[in-house]
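Enquirer: Predicted structure and sequence below. I'll ask about it afterward.
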Amino acid sequence: MPLSLPGRFGLAVPHEGKRAAVTDKKSVFIKTYGCQMNVYDSDRMSDTLMPLGYATADSAENADLVILNTCHIREKAAEKVYSELGRLRVLKAARAAEGRETLVAVAGCVAQAEGEEIIARAPVVDMVFGPQTYHRLPELIERVRAGERPTATQGKAPARPKVVETEFPAEDKFDHLAAPSEKAVRSRGVTAFLTVQEGCDKFCTFCVVPYTRGSEASRPVEKIVEEAETLVAAGVREITLLGQNVNAYHGVDAGGRTVGLAGLLARLSELPRLARIRYTTSHPRDLDEALVAAHAGNSKLMPYLHLPVQSGSDRILQAMNRRHTAAEYVALIDRIRAARPDMAISGDFIVGFPGETEEDFAATMDIVRTVDYAACFSFKYSPRPGTPAAALADQVPEAVKSERLQRLQALLEEQQKVFAERLVGRTLPVLFDKPGRLPGQIVGRSPYLQPVAVMAPSSLIGEIAEVTIEATGGHSLIGRLEGEPMPARRSA
Ligand code: SAH
Ligand code: SF4
Ligand code: F3S
């Protein structure tokens, strides 16, 4: 049972080890933007700060340290950070008037991309550090706080030194970040993320990720297995392996052999109490036969694949540097569905990439109809500084992008609805993970990642039970519990 705690980062639990000394009671509030990798990183930052005496605050108002873990993928995402910093400036001044100090840090992909610019544009910020430097967090805080000491300069407190850390250090950040404690894991529930791969070498012409996360790197197999064991021992039943290109995973095992994602999945599925495994995000170029075969043979691997194609037009795919055609993508989907016929496919689309014509967009609508998605994310192209596509001359007008996005989203939403409706009357295994909105209701996940609401006792949270789907509500499902659930320990 997860503990019921304020905030999503759980209790302050000092870890044992070299940084275990609790100096003074402080609290941290981490606001997370962007992808699941940032969610994972925020938890790791929280775990790293606990030994320093940082408890979790439920809001920025109550925090001595506020960290914005940011996303740079589209202009809107980056701009959100600056408006939040405006709010924090007021808050910091109000707390200072009450004699309370507030440190403000910007982490994540905006930090990596804009480093010094953030300090110049938002003086409220004390620290800026990129995604590969989180293991240095205790040292960075120390450096900023050391500058607080008054000097002789006319009795005025000196300006705080600004710390900017945006290197890609050679050492593996994961080796130095605090491992999650059992209590922290329990507070986060029965599903967990585990980053196995970071960075990207693909250089799609629209994308900032290769610049903000650096080049592709995979964690060693044993480290991942060790972390998965910690998660499972603390009650986690479902793990989602993360990577910007997770299926490009190629970690080294104890015997010095290089293992691909399928091999890693096989290793993890040996953990007896781990019931379900997922992975995201995959690139079509890296989906090998071993991974297709894993979907046919590994019963712990959930039938859900997030495989973005971005566009259905070969001309646009080429301009995006995706290095595959629309037909190759469709052929891949066919192979996956041959291995696992009920596979739910999800994806990402960009509309209005420079030079996209109505004909190109029609090809995108066509590929959507061909694939038939269970879920999908779609975005208007956003020119990102420093990426090749931003410099292209034939940018698509905003109004055209909006209109195309509307048409695409209407189609994708319809497909998602139909996918959910097809499940009505079917009996599915559901992993319950939290209480529902109604009294007596709990919510879980179908194998296809949809939320499923069921009237059942909360003691079933953390267990998998058969549920007959009776209705849909948008993309969520409503079901009836079938017979007795399988206790957690026997259901793996
Ligand atoms: N590695 C993943 C994608 C990570 S970014 C992949 O290759 O599929 C998540 C999604 O954001 C992308 O799939 C893309 O659809 C979208 N995206 C990235 N850059 C964008 C941009 N400049 N404008 C609009 N959408 C973008
Ligand atoms: Fe970005 Fe392309 Fe890498 Fe995905 S594969 S993270 S879209 S550069
Ligand atoms: Fe955003 Fe960085 Fe993730 S740019 S999508 S937070 S990798």
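Expert: Looks like it came in fine. Quick caveat: nothing in here was measured; it's all calculated off a predicted structure. Ligands and ions are numbered 1, 2, ... in the order given.
Enquirer: Please make it C-alpha for all contacts and neighbour counts, starting now.
Expert: OK.
Enquirer: Up against ligand 1, what does the stretch 51-200 of the chain have?
Expert: Ile73, Arg74 (CA under 6 Å from any ligand atom).
Enquirer: can you give me the helices in the stretch 51-200 of the chain?
Expert: 75-97, 108-121, 137-146, 173-176, 182-188 (DSSP state H, counting those that start in this stretch).
Enquirer: With the stretch 351-492 of the chain instead?
Expert: Under DSSP H, counting those that start in this stretch, the stretch 351-492 of the chain gives helices at 358-371, 398-421, 488-491.
Enquirer: Can I get those helices in a markdown table including mean pLDDT?
Expert: A markdown table is the format used below for the helices of the stretch 351-492 of the chain (pLDDT from 0 to 100):
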| stretch | mean pLDDT |
| --- | --- |
| helix 358-371 | 98 |
| helix 398-421 | 97 |
| helix 488-491 | 42 |
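Enquirer: how about TSV for those helices, with distance to ligand 3 and mean neighbour count added?
Expert: Below are the helices of the stretch 351-492 of the chain laid out as TSV (distance: least, CA to the nearest ligand atom, whole Å; neighbours: other CA atoms under 10 Å):
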stretch	distance to ligand 3	mean neighbour count
helix 358-371	22	17
helix 398-421	19	17
helix 488-491	33	14
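Enquirer: wait, which of those helices is closest to Ile118?
Expert: Closest to Ile118 of the helices of the stretch 351-492 of the chain is helix 398-421 (CA to CA; 27.0 Å).
Enquirer: Is ligand 1 within reach of that closest one?
Expert: No - applying CA under 6 Å from any ligand atom, one finds helix 398-421 out of contact with ligand 1, separated by at least 10.8 Å.
Enquirer: Packing partners of that helix?
Expert: Counting contacts by 3 or more CA pairs under 8 Å, 6 or more residues apart in numbering; DSSP states H and E, helix 398-421 packs against strand 344-351, helix 358-371, strand 375-380, strand 464-473.
Enquirer: Ligand 2: which of the helices of the stretch 351-492 of the chain is closest?
Expert: Minimum separation from ligand 2 across the helices of the stretch 351-492 of the chain (CA to the nearest ligand atom) falls at helix 358-371, 16.6 Å.
Enquirer: quick revisit: what about the helices and strands packed on helix 398-421, which gets the closest to Asp253?
Expert: Per CA to CA, nearest to Asp253 of these: strand 344-351, 30.1 Å.
Enquirer: Check which helices and strands the closest one sits against.
Expert: Partner elements for strand 344-351 (3+ CA pairs under 8 Å, 6+ apart): strand 304-306, strand 375-380, helix 398-421.
Enquirer: need the ones you listed in CSV with distance to ligand 2, can you?
Expert: Converted to CSV, the helices and strands packed on strand 344-351 look like this (distance: least, CA to the nearest ligand atom, whole Å):
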stretch, distance to ligand 2
strand 304-306, 12
strand 375-380, 12
helix 398-421, 18
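Enquirer: In CSV: these, plus distance to Asp334.
Expert: Listed next are those as CSV, based on distance: least, CA to CA, whole Å:
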stretch, distance to Asp334
strand 304-306, 13
strand 375-380, 17
helix 398-421, 17
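Enquirer: For Glu165, find the nearest of these.
Expert: strand 375-380 (30.6 Å).
Enquirer: Could you pull up the mean pLDDT of the closest one?
Expert: If you average the pLDDT over strand 375-380, you get 97.
Enquirer: just to revisit the earlier point, among the helices of the stretch 51-200 of the chain, which gets the worst mean confidence?
Expert: Lowest mean pLDDT within these: helix 173-176, a mean of 79.
Enquirer: Would you mind listing what in the protein touches ligand 2?
Expert: So the chain meets ligand 2 at Cys200, Lys202, Phe203, Cys204, Cys207, Val209, Pro210, Gln244 (CA under 6 Å from any ligand atom).
Enquirer: Now these in TSV, please, with extra columns for secondary structure, pLDDT and neighbour count.
Expert: Shown next, in TSV, are the residues of the chain next to ligand 2 (DSSP: H, G, I helix; E, B strand; the rest coil; pLDDT from 0 to 100; neighbours: other CA atoms under 10 Å):
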residue	secondary structure	pLDDT	neighbour count
Cys200	coil	95	22
Lys202	coil	97	17
Phe203	coil	97	17
Cys204	coil	98	20
Cys207	coil	98	23
Val209	helix	96	22
Pro210	helix	95	18
Gln244	coil	95	25
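Enquirer: how's this structure carved up into domains?
Expert: The record, using automatic domain parsing to delimit domains, assigns the chain the ranges 26-165, 179-302, 427-481.
Enquirer: Quick check: pLDDT value at the one residue in the stretch 301-450 of the chain that gets nearest to ligand 3.
Expert: Closest to ligand 3 within the stretch 301-450 of the chain is Arg384: 10.5 Å, counting by CA to the nearest ligand atom. Per-residue pLDDT puts Arg384 at 97.
Enquirer: Kindly report the same for Ala20.
Expert: 38.
Enquirer: shift numbering so it begins at 792
Expert: With the count now opening at 792, the last piece we talked about shows up as Ala811.
Enquirer: what ranges do the strands span in the stretch 892-1041 of the chain?
Expert: Assigned strands in the stretch 892-1041 of the chain, in chain order: 894-898, 918-920, 954-956, 982-986, 988-989, 1008-1009, 1029-1033, 1041-1043 (criterion: DSSP state E, counting those that start in this stretch).
Enquirer: looking at those strands, which one has the lowest mean pLDDT?
Expert: strand 954-956 (a mean of 81).
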